[in-house]
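Provided below are the primary sequence and the corresponding predicted coordinates.
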Amino acid sequence: MKSVQDKFSTAEFAARVQSQGMEREAAAPVQEDSGSEDFDRLAGEIRSYLSAPRGMTEEERRQYSETLNRAVLGFSQEREQVLAVIEDRLIRLRIHTLPGWKHPYATLAEALFAEVVGLNVLELVLASRTDLEELQVVGTRIYEVRGGMAAMSHYCFGSIRDVERIQQNLVLYNNDRINPRKRWAEVMLKDGSRVTMTGFGFTSSPTLTIRFYTVSRFRLEALAAAPYFSLSDRMVQLLLASLKARYNLVIIGPTNSGKTNLMKALIAELPDVERIITIEGRYEMMLGRDFPSKNIIEYEAAEDDEAHRSSQAFKLALRQSPQRIIHAEIRDEDANIYVRACTRGHTGSMTTVHANRLEDVPEAITDMCMLDGRSMNPERLTKRIAEYVTELGIEMKLIGGRRIVSRIGEIGWQDGDIHIREWAVFSEVENEWQYSNPPSERAAAWLDQEV
């Protein structure tokens with residue numbers, strides 16, 4: 001039988017647990033928690049310091065913001081610059097170490113850089129950036145896009161918080177925000193690289209998509225040769241003749257299928273003196289940079305700004321003596337203006353449209369034109385678009401990791417319906433192009449050659 005002293009006492013047990021907890025707390029290095037809190041405060045101070053505008057002029061401030069963005073996205077030269085800024089700030093603050101705080105980095109400046117600028121586990125992915133086209137983060141999962149094909153990465157984030165920290169760094173350095181009232185943000189670099197972010201409440205998990213600028217100057221002959229083999233030599237001659245004949249071109253295809261590459265290759269073949277006007281929602285083609293000698297005016301339209309929408313850009317563009325209008329992508333607001341431009345003397349224009357097949361393109365543009373509420377006969381409008389706006393269609397596909405011009409054809413109207421006269425079609429079975437039909441008599445006269 002147990003003695004009275006052996007009986008269980010809740011009060012005694014609680015006192016013993018409290019005493020043991022106090023002993024563990026006394027034995028633990030108090031400086032460790034204090035050092036961690038000090039580091040968090042210091043990281044916040046450095047983050048605020050870096051995000052403050054810097055420069056005497058607006059251009060200098062934009063350049064500084066660009067440097068921060070490129071540093072976050074893993075560009076080595078800009079990273080060295082930002083690390084030097086952090087080191088200089090620590091010297092001015094006379095801070096060299098934080099007592100009680102341990103970290104795996106060589107210096108405190110490197111530890112702070114990793115916290116306020118670094119990309120966490122994405123650093124490991126970026127170590128192999130040679131052919132990396134896009135990084136896609138969904139929650140903690142990471143996908144790498146190379147050669148137009150996405151594959152799950154060997155790496156992943158440890159927690160959602162790590163993804164959100166990177167998002168906050170990117171938006172902070174661009175005077176933007178992601179919060180419960182605005183759950184998305186975009187960052188665009190001068191070289192065309194683009195970051196798109198969404199947060200909880202807008203998507204089920206935080207997302208981060210980094211699309212690196214990988215397109216450089218191409219000629220059509222280059223796209224027909226190794227390592228691309230996007231089209232054949234015969235197709236090159238067809239497209240060159242089409243440019244000379246000033247066909248209105250439309251290019252379709254899924255994301256990363258090579259539409260921008262092809263459009264830039266077509267533009268590269270045009271005479272430098274021709275007045276070209278481009279209208280984009282975001283500067284992506286970078287024609288002025290890649291073709292400095294060409295007579296190009298580049299518009300960046302902002303649909304949320306009434307004074308600078310694409311419709312306004314079109315109105316101004318038509319008064320600037322354009323010989324060709326390059327519209328990155330037809331959207332609802334400007335479909336009518338683009339149709340009018342193509343049918344009123346601005347031949348040789350180019351655009352892209354979201355459509356599954358070339359047969360769907362005229363009706364897709366018609367639907368966009370009808371959205372402004374004007375009273376128009378849809379069939380007559382579709383016929384007009386097919387015959388004058390989308391005269392030559394080019395279809396792009398990703399086949400076996402290759403970006404392929406899978407189809408070239410005249411788009412026209414026949415027997416009350418849209419008709420495609422195919423000039424070239426890629427056969428996946430035979431892995432080569434087949435040339436089903438020569439250009440029509442009308443087209444052959446324009447091309448001024450027997451094809």
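Here it is on my side, so go on. Numbering: from 1, shown residues only.

The lengthiest strand in the chain packs against which elements?
Secondary structure of the chain read by DSSP state E shows that its longest strand is strand 402-414. Applying 3 or more Cβ pairs under 8 Å, 6 or more residues apart in numbering; DSSP states H and E, we find strand 402-414 packed against helix 233-244, strand 392-399, strand 417-427. From N, CA and C alone the C-beta is placed, and that goes for glycine too.

gap between the longest one and the chain center?
By that I understand helix 233-244. In terms of Cα atoms, centre = their mean, to the nearest Å, the centre of helix 233-244 is found 29 Å from the chain centre.

which helices and strands does that helix pack with?
Using 3+ Cβ pairs under 8 Å, 6+ apart, helix 233-244 is in contact with helix 220-224, strand 402-414, strand 417-427, helix 441-447.

Quick one: residues in contact with that helix.
220-221, 224, 231, 249, 266, 269-270, 348, 392, 405, 408, 423-424, 433, 435, 439, 447-449, 451 (Cβ atoms under 8 Å, 6 or more residues apart in numbering).

ranges for the helices of the stretch 51-200 of the chain?
Under the criterion DSSP state H, counting those that start in this stretch, helices of the stretch 51-200 of the chain are mapped to 58-72, 76-93, 108-116, 122-126, 160-172.

okay, the residue lying closest to S232 once chain neighbours are set aside: pLDDT?
Of all residues not flanking S232 in the chain, W433 sits nearest, at 5.0 Å (Cβ to Cβ, 6 or more residues apart in numbering). Looking at W433, its pLDDT reads 96.

ok, W433 touching A424?
Yes. Counting by Cβ atoms under 8 Å, W433 touches A424, with 5.1 Å between them.

which residues do those two both contact?
What both W433 and A424 touch, as defined by Cβ under 8 Å, 6+ apart, is the set S232, R234, M235.

In a markdown table: these, plus pLDDT.
Formatted as a markdown table, these follow (pLDDT from 0 to 100):
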| residue | pLDDT |
| --- | --- |
| S232 | 95 |
| R234 | 94 |
| M235 | 95 |
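
thinking again about what came up before, most tightly surrounded among the helices and strands packed on strand 402-414?
Highest mean neighbour count among the helices and strands packed on strand 402-414 (mean count of other Cβ atoms under 10 Å): strand 392-399, with a mean of 22.

what pairs with that one, and is each one parallel or antiparallel?
strand 249-252 (parallel), strand 402-414 (antiparallel) (DSSP bridges).

I'd like these laid out as a markdown table, including mean pLDDT, distance to R275 and mean neighbour count.
Listed next are those as a markdown table, based on pLDDT from 0 to 100; distance: least, Cβ to Cβ, whole Å; neighbours: other Cβ atoms under 10 Å:
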| stretch | mean pLDDT | distance to R275 | mean neighbour count |
| --- | --- | --- | --- |
| strand 249-252 | 96 | 17 | 25 |
| strand 402-414 | 94 | 26 | 20 |
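
Quick one: closest of those to M152.
Closest of the strands paired with strand 392-399 to M152 is strand 402-414, at 21.5 Å (criterion: Cβ to Cβ).

quick one: the closest residue to Y173 other than its chain neighbours and D305, what's the gap?
Excluding the flanking residues, the one nearest Y173 by Cβ to Cβ, 6+ apart is L68, at 4.1 Å. Counting by Cβ to Cβ, to the nearest Å, the separation of L68 from D305 is 25 Å.

Look at these two and report which has more neighbours.
L68 (23 against 9; other Cβ atoms under 10 Å).

The more buried one reaches L83, doesn't it?
No. Counting by Cβ under 8 Å, L68 sits too far from L83 to count as a contact (12.0 Å).

what about T57, how many residues close to it?
Around T57 there are 8 residues (other Cβ under 10 Å).

got the helices of the stretch 51-200 of the chain as TSV, with distance to G199 and mean pLDDT columns?
Converted to TSV, these look like this (distance: least, Cβ to Cβ, whole Å; pLDDT from 0 to 100):
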stretch	distance to G199	mean pLDDT
helix 58-72	17	84
helix 76-93	25	91
helix 108-116	19	86
helix 122-126	18	82
helix 160-172	7	85
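
Tell me which of these is the most buried.
Mean neighbour count, computed with mean count of other Cβ under 10 Å, is highest for helix 108-116 among the helices of the stretch 51-200 of the chain, reaching a mean of 21.

Measure how that one sits relative to helix 76-93, angle-wise.
Interaxial angle, helix 108-116 versus helix 76-93 (axes from the mean of the first three to the mean of the last three Cα atoms, to 10 degrees): 120 degrees.

Output the contacting helices and strands for helix 108-116.
Against helix 108-116 (3+ Cβ pairs under 8 Å, 6+ apart) you get helix 30-51, helix 76-93.

what sits against I251?
K259, L262, M263, M350, T351, T352, V353, G393, I394, E395, M396.

which residues make contact with the one helix or strand the fifth one maps to from outside it?
It refers to T351. Using DSSP states H and E, T351 maps to strand 350-352. Strand 350-352 has contacts (Cβ under 8 Å, 6+ apart) with 248-253, 259, 263, 266-267, 324-330, 338.

helix or strand right after that strand?
Heading C-terminal from strand 350-352 (DSSP H and E), you reach helix 361-370.

Flag every buried residue along that following helix.
V361, P362, E363, A364, I365, T366, M368, C369, M370 (16 or more other Cβ atoms under 10 Å).

Including pLDDT and distance to S311, could those residues go into JSON lines?
JSON lines is the format used below for the buried residues of helix 361-370 (pLDDT from 0 to 100; distance: Cβ to Cβ, whole Å):
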{"residue": "V361", "pLDDT": "95", "distance to S311": "21"}
{"residue": "P362", "pLDDT": "94", "distance to S311": "21"}
{"residue": "E363", "pLDDT": "94", "distance to S311": "22"}
{"residue": "A364", "pLDDT": "92", "distance to S311": "19"}
{"residue": "I365", "pLDDT": "93", "distance to S311": "15"}
{"residue": "T366", "pLDDT": "92", "distance to S311": "18"}
{"residue": "M368", "pLDDT": "90", "distance to S311": "12"}
{"residue": "C369", "pLDDT": "89", "distance to S311": "13"}
{"residue": "M370", "pLDDT": "87", "distance to S311": "16"}
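
Please convert these to a markdown table, extending it with distance to Y49.
Shown next, in a markdown table, are the buried residues of helix 361-370 (distance: Cβ to Cβ, whole Å):
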| residue | distance to Y49 |
| --- | --- |
| V361 | 52 |
| P362 | 55 |
| E363 | 55 |
| A364 | 50 |
| I365 | 50 |
| T366 | 54 |
| M368 | 47 |
| C369 | 51 |
| M370 | 53 |
